[in-house]
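Visitor: Starting from these lines, generate the structure:
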Amino acid sequence: MRQKRAKAYRKLMSLYSLSFGFRQPYQVLIDSHMCQEAVAHKIELLKQLGAVLQGAVKPMITQCCIHELYLQGQAHQPAVDLAKTFERRKCNHREAIPGDECVASVVGETNKHRYVIATQSQDLRQTLRAVPGVPIVHMNRSVMILEPPSDATLRAKALEEGMALLPSEPEAATLPAAQPEEPSKKKKKGPKGPNPLSVKKKKTQTEAS
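Guide: Modelled structure (predicted):
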């Protein structure tokens, strides 16, 4: 990986760590499409994930995604074998559902378990971009790409930074309470006296004796 790209990915994962609480080893939820891509192009999936995410990874897959691989037939058995080496993530679906729907439901509306998603599904990537704090990885011509943060992620980051500037409850309790401003007293207007400068003194006339 080029140094410039590695630096950009390091900065991006730092964003997810500081703003959304991601920690190593990163939990990477891999779907059936990514398993097929890795086998087809002989990609060392875990090695590339570690290089792109700049840290240790824990690969995971749901039962629905493995079931989806089984449905592809014997020709895709190598992808099934690869998927079986990953930790199984319980999705609680009694009946298998499409992999895209399964992964989206596991991530939920907030990605509270802090999953990194590795997928080749355009539809799934589009869906997850609406969820803040979801790092998305995909392959482009055998090169693994970590997507830039989505608009939802950037908005959530900005909101958190704004909240961080506000005082906490203990800090707010120590701040002096704002004193209510007293209304300014208006002077009562009364009848004005005569201007002393305008009053002319009366001259006393002396009578001729």
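
Visitor: Quick check: chain neighbours aside, which residue is closest to F22?
Guide: Ranked by Cβ to Cβ, 6 or more residues apart in numbering and with sequence neighbours excluded, the top spatial neighbour of F22 is Y16, at 4.3 Å. C-beta here means a position set from N, CA and C on the backbone, and glycine is covered the same way.

Visitor: okay, now that neighbour: neighbour count?
Guide: 22 (other Cβ atoms under 10 Å).

Visitor: same check, this time on M163
Guide: Neighbour tally, M163, other Cβ under 10 Å: 8.

Visitor: avg pLDDT for the helix or strand harbouring the residue nearest to F22?
Guide: Assigned by DSSP states H and E, Y16 belongs to helix 3-20. On average, the pLDDT along helix 3-20 is 93.

Visitor: Next, H138: secondary structure please.
Guide: Going by DSSP: H, G, I helix; E, B strand; the rest coil, the secondary structure assigned to H138 is strand.

Visitor: give me every residue that touches it.
Guide: M34, A118, T119, Q120, R125, M144, I145, E147 (Cβ atoms under 8 Å, 6 or more residues apart in numbering).

Visitor: Mind listing what's buried along stretch 76-86?
Guide: H76, A79, V80, L82, A83, F86 (16 or more other Cβ atoms under 10 Å).

Visitor: ditto for stretch 11-20
Guide: L12, M13, L15, Y16, S19, F20.

Visitor: What of stretch 84-99?
Guide: F86, R89, C91, A96, I97, P98, G99.

Visitor: First residue to last residue on that stretch, what's the distance there?
Guide: 15 Å (Cα to Cα, to the nearest Å).

Visitor: What of stretch 53-68?
Guide: Span of stretch 53-68 from end to end, Cα to Cα: 26 Å.
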